[in-house]
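1. Below is the sequence, then the predicted model.
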Amino acid sequence: MLVGKRMTRNPVTVAPSDTLATARGKMQAGNFRRLPVVQDGKLVALVTDRDLRQHVGHEDRVKITAAMTEDLITVTPATTLESAAQLLLKHKIGGLPVVENGKLVGIITTSDVLTAFLDVMGVLEEGVARIDLVLEAPPHDLGDASKAIAGAGSEILGVGTYREKWDTGQVFYLLIRTKDVNHVAGVLQSQGFSVLGVH
């Protein structure tokens with residue numbers, strides 16, 4: 001998944017010559033914690049709510065240039081979401097400006113990355129559930145689990161594995177579209193599958 005598919009396009013910005021009061025007003029109006037600083041269409045810095053807190057009581061007299069951070073970490077629309085998430089964690093920051101051909105085209109935040117993760121896990125879609133099960137050895141294979149789920153009137157949307165094993169067995173998670181996930185889990189158990197959890 002690419003940043004360009006999940007970023008906020010055309011983010012609200014400020015200019016270096018604006019006051020911190022202007023930045024504060026825009027942050028409060030949009031519920032933002034950071035604003036890109038743009039001059040002549042190009043990203044030059046970032047100003048955050050933390051920067052503003054250092055000038056409390058003087059925001060109307062202080063220019064953005066006095067508080068902004070110019071040493072920026074940026075990504076492009078073609079950066080993977082995984083790489084963006086690693087940068088956010090490594091540098092302990094909440095957002096990354098997205099730059100293409102020297103121009104600001106968006107911003108990607110920790111909230112955007114978490115929303116994408118939940119979307120991939122099916123959590124945000126109505127009627128989607130996850131079943132965790134252990135596949136230890138034949139005859140408990142994924143094909144048989146798929147048939148059992150289809151037989152229970154449900155549809156598999158995605159399959160994945162966890163790195164950790166359960167005893168000696170591989171743990172799989174199945175994202176399914178179903179009206180009754182507990183019924184599906186019961187069908188799997190009746191056919192000898194070890195169901196670890198229903199979510």
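-> Structure received.

2. hmm, who's touching stretch 75-85?
-> 1-4, 6-7, 87, 96-100, 105-106, 108, 113, 116 (C-beta atoms under 8 Å, 6 or more residues apart in numbering). (Each C-beta comes from the backbone N, C-alpha and C, glycine too.)

3. Buried by neighbour count, from these: which ones?
-> 3-4, 6-7, 87, 96-99, 105-106, 108, 113, 116 (16 or more other C-beta atoms under 10 Å).

4. what's the most distant pair in those?
-> Distances among the buried ones among the contacts of stretch 75-85 were taken as C-beta to C-beta; the most separated pair is V99 and A116, at 19.7 Å.

5. list the helices and strands the one helix or strand in the chain whose mean pLDDT sits lowest packs on?
-> For the chain, the helix or strand with the lowest mean confidence is strand 155-166, at a mean of 82 (criterion: mean pLDDT, DSSP states H and E). On a contact count with 3 or more C-beta pairs under 8 Å, 6 or more residues apart in numbering; DSSP states H and E, strand 155-166 meets strand 128-135, helix 142-151, strand 169-177.

6. now do 6 Å
-> Here strand 155-166 touches strand 169-177, going by 3 or more C-beta pairs under 6 Å, 6 or more residues apart in numbering; DSSP states H and E.

7. Next, name the residue at the spatial heart of the protein.
-> V113 (1.6 Å; C-alpha atoms, centre = their mean).

8. Distance of it relative to K5?
-> Per C-beta to C-beta, to the nearest Å, V113 is found 12 Å from K5.

9. Domain ranges for the protein, per the record?
-> Per automatic domain parsing, the structural domains of the chain span 3-118, 128-198.

10. And the last one, how far out from the chain middle?
-> It stands for domain 128-198. Put simply, domain 128-198 sits 25 Å off its chain's centre (C-alpha atoms, centre = their mean, to the nearest Å).

11. Now do the helices in the protein.
-> 3-6, 20-30, 49-53, 81-91, 110-120, 142-151, 181-190 (DSSP state H).

12. Pull out the buried residues from the fourth one.
-> Judged by neighbour count (16+ other C-beta under 10 Å), helix 81-91 contains these buried residues: 81, 84-85, 87-88.

13. List just the nearest of these to Q191.
-> Among these, and counting by C-beta to C-beta, the member closest to Q191 is L81, at 36.5 Å.

14. which stretches of the chain have low pLDDT?
-> 122-123, 136-140, 168 (pLDDT under 70).

15. could you redo the last one with a cut-off of 80?
-> 120-125, 135-140, 163-169 (pLDDT under 80).

16. Endpoint to endpoint, stretch 54-64 covers what distance?
-> Across stretch 54-64, the terminal residues are separated by 12 Å (C-alpha to C-alpha, to the nearest Å).

17. Give me the neighbour count for the closest residue to D51 other than its chain neighbours.
-> Among residues not flanking D51 along the chain, A67 sits closest, at 4.2 Å (C-beta to C-beta, 6 or more residues apart in numbering). The number of residues packed near A67 is 20, by other C-beta atoms under 10 Å.

18. Let me know whether A67 touches R53 as I believe.
-> No: in this structure A67 lies outside contact range of R53 using C-beta atoms under 6 Å: 9.6 Å.
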